[in-house]
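*Asks:* next come a sequence and a model predicted from it.
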2 protein chains.
Amino acid sequence: MTVTSEESARELLEVVPVVMREIRSQMRSRRSLELTIPQFRTLAFINRNKGSSLYEVSDHMGLTPPSVSNLVDGLIERGMMTREEHPTDRRRVRLAVTSHGRAILETATRETLAYLAEKLSNVTPDNREVIAKAMEILRMTFARSVRSRS
Amino acid sequence: MTVTSEESARELLEVVPVVMREIRSQMRSRRSLELTIPQFRTLAFINRNKGSSLYEVSDHMGLTPPSVSNLVDGLIERGMMTREEHPTDRRRVRLAVTSHGRAILETATRETLAYLAEKLSNVTPDNREVIAKAMEILRMTFARSVRSRS
DNA sequence: TATTGTTATACTCTATAACTATA
DNA sequence: TATAGTTATAGAGTATAACAATA
């Protein structure tokens, strides 16, 4: 089998939105958690990168600074994050996830993974390997080039 | 390599949103087209299923009827779709894509595919095969069960 | 009564433009 | 003057609740 770029592009365009919708609707169905995908990603990124500035987050997520500022506002209101002044550059903020936010993030992650894993349990191990490998390839292909900001 | 359901679930949850964001931002960057992903999917589905009812569309897309009604309103306003009465059941509508809508759909498809294909041209043929195979598996795993409505 | 669809309402996501504060 | 961030504003996507029309 030879797969052209066009054919694999077509597959991506058909299938990715379907999987995305599944993830989204599953996440929203957990009323107790009530995290949207952007909120989830924001929380996850800042959890991994404690003390990030707003620009670092927006760079990573491919969103504009106002969009991230909005997202952060909502997460702070709900007690999941903090926004502090940078110690040496007062223009910047230092974002961090609270323990409450971390707990919610972990629960949301666990439940969403459990849901996906349950779906994937019907897939043969060989095919799961194909999926994992494809995700690695896609991750490298679509990863944002990291713009460094000192 | 043995991949558990949990591991492949984690990969999906990390990578799918990234690819989705690429597709979305590319689609929006074509100012002349100005189709969002939901608009694109709606148009594409109705193009493939001429005369669909609103419920058929909402079932397929996993959206509520009011959401689809909204989407359809916007597409009709912009001359891409029509909404007609069903000949024998006056509760229903018959949705169809206009030739203008089809032209826009085709252009959007072509340009988005070209963009994705360009990204994928850096991927080896073997790896493209892995991606294509993974998409097939995911398509079957996450496909909505078709609720038939006579 | 059940089904199909719309309207009313509200909230989130996202962007652009304009602004403030700091470097 | 350049950078970091917020506020103002607007449009799209989505849901639930309430409704109207038809079967």
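*Replies:* Structure received. Being a predicted model, the structure only gives us computed values, none of them experimental.

*Asks:* the residue nearest the centre of chain A: which element?
*Replies:* Residue closest to the average C-alpha location in chain A (CA atoms, centre = their mean): residue A:41, at 2.9 Å. With elements delineated by DSSP states H and E, residue A:41 resides in helix A:37-48, which encompasses its position.

*Asks:* interface residues of chain A facing DNA strand C?
*Replies:* Taking CB under 7 Å from any atom of the strand as the contact definition, chain A meets DNA strand C at A:36-39, A:62-64, A:66-67, A:70-71, A:74, A:88-91. Quick note: C-beta positions are derived from backbone N, CA and C, even for glycine.

*Asks:* what about the closest residue to residue A:1 other than its chain neighbours, how many residues close to it?
*Replies:* Once its chain neighbours are removed from consideration, residue A:1 has its nearest residue in residue B:129; the separation is 5.8 Å (CB to CB, 6 or more residues apart in numbering or on different chains). Applying other CB atoms under 10 Å in any protein chain shown, we find 18 residues neighbouring residue B:129.

*Asks:* before we move on, the earlier item: just the residues of chain A next to DNA strand C: which has the poorest pLDDT?
*Replies:* Scanning the residues of chain A next to DNA strand C for pLDDT, the smallest score is found at residue A:62, 89.

*Asks:* so who does residue A:40 touch?
*Replies:* Shown in contact with residue A:40 (CB atoms under 8 Å, 6 or more residues apart in numbering or on different chains): A:27, A:105, A:108.

*Asks:* list the buried residues for the helix holding residue A:41?
*Replies:* By 16 or more other CB atoms under 10 Å in any protein chain shown, the buried positions in helix A:37-48 come out as A:37-47.

*Asks:* is any part of it close to DNA strand D?
*Replies:* No: contact check for helix A:37-48 against DNA strand D, using CB under 7 Å from any atom of the strand: none in range, with a minimum separation of 10.9 Å.

*Asks:* re the thing from before, between the buried residues of helix A:37-48, which is nearest DNA strand C?
*Replies:* Sorting the buried residues of helix A:37-48 by how near they are to DNA strand C, with CB to the nearest atom of the strand, puts residue A:38 at the top with 3.4 Å.

*Asks:* grab the nearest non-local neighbour of that closest one.
*Replies:* The spatially closest residue to residue A:38, leaving aside those adjacent along the chain, is residue A:71, at 5.8 Å (CB to CB, 6+ apart).

*Asks:* spit out the contact partners of that neighbour.
*Replies:* Remark: with contacts taken as CB under 8 Å, 6+ apart, residue A:71 is in contact with A:38-39, A:42, A:63.

*Asks:* separation between residue A:134 and DNA strand C?
*Replies:* Look at residue A:134 and DNA strand C: by CB to the nearest atom of the strand, to the nearest Å, they are 23 Å apart.

*Asks:* okay, now that residue: neighbour count?
*Replies:* With neighbours defined by other CB under 10 Å, the count for residue A:134 comes to 27.

*Asks:* cool, and residue A:107?
*Replies:* 14.

*Asks:* over to residue A:54?
*Replies:* Neighbours of residue A:54 under the rule other CB under 10 Å: 17.

*Asks:* just the one 10 residues further on next, same as before
*Replies:* For residue A:64, the count of nearby residues is 10 (other CB under 10 Å).

*Asks:* check contacts around it.
*Replies:* Contacts were defined as CB under 8 Å, 6+ apart; by that measure residue A:64 touches residue A:58.

*Asks:* go again using 10 Å as the cut-off
*Replies:* Applying CB atoms under 10 Å, 6 or more residues apart in numbering or on different chains to residue A:64 gives the contacts A:58, A:70.

*Asks:* now it: how far from chain B?
*Replies:* Taken as CB to the nearest CB, to the nearest Å, the spacing of residue A:64 relative to chain B amounts to 11 Å.

*Asks:* next, give phi and psi for that residue.
*Replies:* Comment: the main-chain dihedrals of residue A:64 come out as phi -80, psi 160, following degrees, to the nearest 10.

*Asks:* ranges for the helices of chain A?
*Replies:* Secondary structure of chain A, counting by DSSP state H: helices at A:5-29, A:37-48, A:54-61, A:65-77, A:99-120, A:125-142.

*Asks:* possible to save those as a markdown table with distance to residue A:83?
*Replies:* Formatted as a markdown table, those follow (distance: least, CB to CB, whole Å):
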| stretch | distance to residue A:83 |
| --- | --- |
| helix A:5-29 | 24 |
| helix A:37-48 | 10 |
| helix A:54-61 | 9 |
| helix A:65-77 | 6 |
| helix A:99-120 | 12 |
| helix A:125-142 | 29 |
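
*Asks:* give me the pLDDT for the residue sitting furthest away from the middle of chain A.
*Replies:* Residue distances from the centre of chain A (CA atoms, centre = their mean) peak at residue A:1, which lies 33.3 Å from the mean C-alpha position. You'll see residue A:1 listed with a pLDDT of 70.
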